[in-house]
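# Build me a model from this:
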Amino acid sequence: MCSARDLGVMMSLASLGLTAEQERLYRYLLRRPHTDLDAAGVDLGMADVRGVAAELRALTLVDGALIAVTPATAVDLLVRRRVEQTQRQLTELTVAWDVLKELAEEHRSGRPVQMVEHLADGPTVTRRMYAMLADDPREFVHMKARALYGGTEYAAAPFKGFLAAGLRSRTLFSACALEDPEQEPYARFWGTLGDLHRVTTEPFRHLAVVNRSVVFVQADPVDPKAGALQIRQPGAVAMLSEVFEGMWARARDLDDLPLSPTEQRVLHALTCHDTDEAAARALNVSVRKFRAHVADLMSRLDASTRFQAALLAKERGWL
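Numbers count the residues shown, from 1 in each chain. Take a look at the predicted model:
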């Protein structure tokens with residue numbers, strides 16, 4: 001039997017989403033466990049008592065034997081269900097903001113906004129993205145093959161301005177690009193300005209997302225000169241944003257990059273040979289070249305001595 005205090009808690013069940021019939025039957029079963037369902041229907045004057053009981057089972061408020069869960073459990077279950085419903089409704093309401101942004105863009109540009117629009121070339125894509133960020137510099141995420149591309153200097157100044165204005169930016173690029181010695185310093189430079197960079201070994205296509213509301217993808221996977229597609233459809237934007245977040249979580253920070261094959265050989269030679277001359281002979285390079293490799297490795301480890309470099313390499317699991 002439930003206490004008066006428990007029944008007081010029951011007063012709120014209707015506000016938590018139960019129908020009047022569901023609440024009446026739940027209260028009845030709470031007061032009279034192991035009751036006959038047909039008898040309950042007669043007592044409550046409920047013609048579809050079996051259908052209502054099935055609904056309570058679906059809500060997990062009663063079990064297969066028609067034993068009602070405690071009031072505390074019932075309230076917890078219903079609150080959780082109501083919170084999930086509210087979250088779904090809030091998600092649906094965000095679409096209204098997307099519509100507002102579309103209307104604002106139509107008002108600003110004087111042309112209709114399309115859900116999917118083809119943009120002819122890279123500079124057009126950049127201008128479109130930067131126009132959006134100029135209006136609302138909140139978040140920008142980007143997946144691309146390399147951190148540094150030639151001929152993009154024209155775009156650097158405005159992007160620095162967006163970062164200074166508080167833009168949260170993340171860039172994911174291919175680990176293969178690190179074979180170019182200019183890529184890592186360039187990525188680190190932008191990291192100091194607020195554009196965080198990580199590298200991935202996973203295959204991907206070029207992708208950019210502005211404020212989680214507009215996505216830009218390469219129009220033709222095999223032809224980078226074919227321009228890009230600008231996508232505003234909320235479902236597609238949400239899905240592609242999740243793809244980026246998953247890859248970002250699995251990617252490596254620049255301070256946690258795996259060693260290149262050359263770096264691995266240099267580190268092995270450094271720890272296995274007593275002199276630079278012997279290590280250089282083992283690698284079939286000049287002593288000068290070997291020492292340059294060692295200096296690069298020490299710089300990457302932020303080590304002041306070779307002994308410290310070896311210790312730090314061991315801490316990172318490189319030895």
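# CA atoms for contacts and neighbours, from now on please.
Noted.
# residues in contact with the closest residue to residue 48 other than its chain neighbours?
Among residues not flanking residue 48 along the chain, residue 41 sits closest, at 7.6 Å (Cα to Cα, 6 or more residues apart in numbering). Taking Cα atoms under 8 Å, 6 or more residues apart in numbering, we find residue 41 in contact with 47-49.
# Now do the SS call for residue 41.
Secondary structure, DSSP: H, G, I helix; E, B strand; the rest coil: residue 41 is helix.
# Which one of the contacts of residue 41 sits in the busiest neighbourhood?
residue 49 (20 neighbours; other Cα atoms under 10 Å).
# so where is the stretch 201-319 of the chain shaky, pLDDT-wise?
Where the stretch 201-319 of the chain drops to pLDDT under 70, the residues are 257-258, 316-319.
# Helices of that one, residue ranges please.
Ranges of helices in the stretch 201-319 of the chain, per DSSP state H, counting those that start in this stretch, are 234-250, 261-272, 276-283, 287-301, 306-315.
# possible to save these as TSV with distance to residue 74 and mean neighbour count?
As requested, the helices of the stretch 201-319 of the chain are arranged in TSV below (distance: least, Cα to Cα, whole Å; neighbours: other Cα atoms under 10 Å):
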stretch	distance to residue 74	mean neighbour count
helix 234-250	34	15
helix 261-272	60	16
helix 276-283	71	17
helix 287-301	57	16
helix 306-315	52	15
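# can you put these in CSV and add distance to residue 143?
Shown next, in CSV, are the helices of the stretch 201-319 of the chain (distance: least, Cα to Cα, whole Å):
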stretch, distance to residue 143
helix 234-250, 8
helix 261-272, 25
helix 276-283, 36
helix 287-301, 24
helix 306-315, 29
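# State the distance from the residue most central in space within the chain to residue 239.
Nearest to the mean C-alpha position of the chain, counting by Cα atoms, centre = their mean, stands residue 245 at 2.4 Å. Residue 245 sits at a distance of 10 Å from residue 239 (criterion: Cα to Cα, to the nearest Å).
# Same question for residue 125.
21 Å.
# which residues are in contact with stretch 220-234?
Contacts with stretch 220-234, where a contact means Cα under 8 Å, 6+ apart, come from 95, 98, 114-122, 125, 205, 213-219, 237.
# what about it, distance to the chain center?
The chain centre lies 21 Å from the centre of stretch 220-234; the measure is Cα atoms, centre = their mean, to the nearest Å.
# what do you get for stretch 231-248?
Distance, stretch centre to chain centre, for stretch 231-248: 8 Å (Cα atoms, centre = their mean).
# Alpha carbons of that stretch, as CSV, please.
The C-alpha trace of stretch 231-248 is given here as CSV (Å, rounded to 0.1, in the frame of the first residue of the first chain):
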residue,chain,number,x,y,z
ILE,A,231,24.2,23.0,-48.2
ARG,A,232,21.7,24.6,-45.8
GLN,A,233,19.4,21.6,-45.2
PRO,A,234,19.4,21.1,-41.4
GLY,A,235,19.5,17.3,-41.5
ALA,A,236,22.5,17.1,-43.8
VAL,A,237,24.3,19.9,-41.9
ALA,A,238,23.8,18.0,-38.6
MET,A,239,25.0,14.7,-40.0
LEU,A,240,28.1,16.2,-41.6
SER,A,241,28.9,18.2,-38.4
GLU,A,242,28.8,14.9,-36.5
VAL,A,243,31.2,13.3,-39.0
PHE,A,244,33.6,16.1,-38.3
GLU,A,245,33.3,15.8,-34.5
GLY,A,246,33.9,12.0,-34.7
MET,A,247,37.0,12.4,-36.8
TRP,A,248,38.2,15.3,-34.6
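# got the phi/psi numbers for residue 23?
Residue 23 adopts backbone torsions of phi -70, psi -40, taken as degrees, to the nearest 10.
# So which residues of the stretch 101-250 of the chain form strands?
116-119, 139-144, 168-174, 195-200, 207-210, 214-218, 228-231 (DSSP state E, counting those that start in this stretch).
# Redo the ones you listed as TSV? Include mean neighbour count.
Compiled in TSV, the strands of the stretch 101-250 of the chain are given as follows (neighbours: other Cα atoms under 10 Å):
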stretch	mean neighbour count
strand 116-119	16
strand 139-144	20
strand 168-174	22
strand 195-200	23
strand 207-210	22
strand 214-218	23
strand 228-231	22
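# What's opposite the closest residue to residue 118 other than its chain neighbours in the beta bridge?
Distances taken as Cα to Cα, 6+ apart place residue 229 nearest to residue 118, at 4.6 Å, with adjacent residues excluded. Going by DSSP bridges, residue 229 is paired in beta bridges with residue 118, residue 217.
# about what we covered before: would you mind measuring from the residue nearest to the centre of the chain to residue 59?
33 Å.
# go on, residue 293?
Distance from residue 293 to residue 59, by Cα to Cα: 66 Å.
# for residue 197, which residues make a bridge with it?
Residue 197 has these beta-bridge partners by DSSP bridges: residue 171.
# Make sure it is actually in contact with residue 251.
No: between residue 197 and residue 251 there is no contact under Cα atoms under 8 Å: 9.6 Å.
# joint contacts of those two?
residue 172.
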